[in-house]
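# Generate a structure from the sequence data that follows.
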Amino acid sequence: MYKVIMTFLLFVIWTSTSYAKDLLFLSNGATTGMLVQLSRFFASDLEKDGYLPQIKSTNNNCALAKLMWDQSRVPTLMLTSHYGDGLTDINNKMCFVSIKQEELLYWVYSTPYVFCSAGNKTWQDLLIPNSTHTIAIPHENRSLRLLEEISKFYNIKIKPVKVESSVHLIPMIKSGELDFVFRTGITEFEDLKNKCIWTTKNENYQKLPNGSKYLSKLNIDLSVFSLNSYIVGKNISTQDKEKILKAIQNGWKSEEVQKIFTRRNFDSNLVSFQNKQEYDDKIKYLWNLIYQ
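The predicted structure follows:
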């Protein structure tokens, strides 16, 4: 009987380890940032499905993230944000990662840009002719072009400052280095509370008006200003893809993740799906949104 029990236990141990698969999970966000936090939630559900995810955060070093992605020969996932870092900036040769449509696996969230005062200046102060203002923006060129249009039209001088993440942004706000901030996910910051002026999408977002109310005289499509976070994957078989998607979906639906989305006013209805057809439609929509 002892031999039978030991044989059974060895079999259980062997099967559990034999089918566990190594999985590299990359995140280019800050080590303490939201992307890494979300990666951990997804990794937890992947572990339940027999994977051994190894989370690697590059702490906003997009060149390192690109290197690790390009050199990886094992099943690899990467959580990134379009227009949030250099990985999606085609003009950034050191960091840009060219993604194939079939490598786009999961749309995690979408959130609009918000324009907020970082101090005591108002929108009316911004428009005073010949005035000068320092405005924080993400690492992408669309915001630069928008600020250039505003600057020319209203005859003002704008000093744009590209800030990688909220880890660097918050100290700049506290120190008084900035006049305004144009980014995503900032309405929850205590230093910007009740100081946000408009948003680029969703009329009811934080009860803020759409930016077209303020920029209607400019020929600008504000709808393109949204931050879309998604997961891409490589070296993944068709069978593994189905299991991985199911695990990520479970993590995405978890109470902890949805609390994060609710706190930051992310539009979960935009990215959620109930069946394969809806999933295919959402992925296609996302692909056209960010890569076309």
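# who's in contact with residue 225?
Contact analysis of residue 225 by C-beta atoms under 8 Å, 6 or more residues apart in numbering lists 112, 113, 142, 143, 146, 200, 201. For every residue, glycine as well, the C-beta is placed using N, CA and C.
# What subset of those residues is buried?
For the contacts of residue 225, a neighbour count by 16 or more other C-beta atoms under 10 Å gives the buried set as 112, 113, 143, 146, 200, 201.
# Could you grab the helix/strand/coil label for the residue lying closest to the fourth one once chain neighbours are set aside?
I take that to be residue 146. Beyond its immediate neighbours in the sequence, the residue positioned closest to residue 146 (C-beta to C-beta, 6 or more residues apart in numbering) is residue 220, lying 6.2 Å away. Using DSSP: H, G, I helix; E, B strand; the rest coil, the three-state assignment for residue 220 comes out as coil.
# How many neighbouring residues does residue 258 have?
When neighbours are counted by other C-beta atoms under 10 Å, residue 258 registers 13.
# Contacts for the helix or strand hosting residue 109 next, please.
Per DSSP states H and E, residue 109 falls inside strand 104-112. The contact list for strand 104-112 (C-beta under 8 Å, 6+ apart) reads 38, 77, 79, 184-185, 199-202, 205, 225-233, 241, 244-245, 248-249, 252, 261, 264-268, 270-271, 282-283, 286-287.
# What about those residues, which are in strands?
Judged by DSSP state E, the subset of these located in strands is 77, 79, 199, 226, 227, 228, 229, 230, 231, 232, 233.
# quick one: pLDDT of the last one?
In other words, residue 233. The model reports residue 233 with a pLDDT of 96.
# Am I right that it is in contact with residue 103?
Yes - contact criterion C-beta atoms under 8 Å: residue 233 and residue 103 qualify, at 5.9 Å.
# out of these two, which sits in the more crowded spot?
residue 233 (22 against 16).
# The helix or strand encompassing residue 136: how far from the chain's middle?
Secondary structure here is read from DSSP H and E; on that basis residue 136 sits in strand 132-137. Put simply, strand 132-137 sits 22 Å off its chain's centre (C-alpha atoms, centre = their mean, to the nearest Å).
# what number of residues lie near residue 230?
Taking other C-beta under 10 Å as the neighbour definition, residue 230 ends up with a count of 23.
# And the pLDDT at the residue nearest to it when sequence neighbours are not counted?
Across the structure, with C-beta to C-beta, 6+ apart as the measure, the residue nearest residue 230 apart from its sequence neighbours is residue 107 (5.1 Å). pLDDT, the model's per-residue confidence, is 95 for residue 107.
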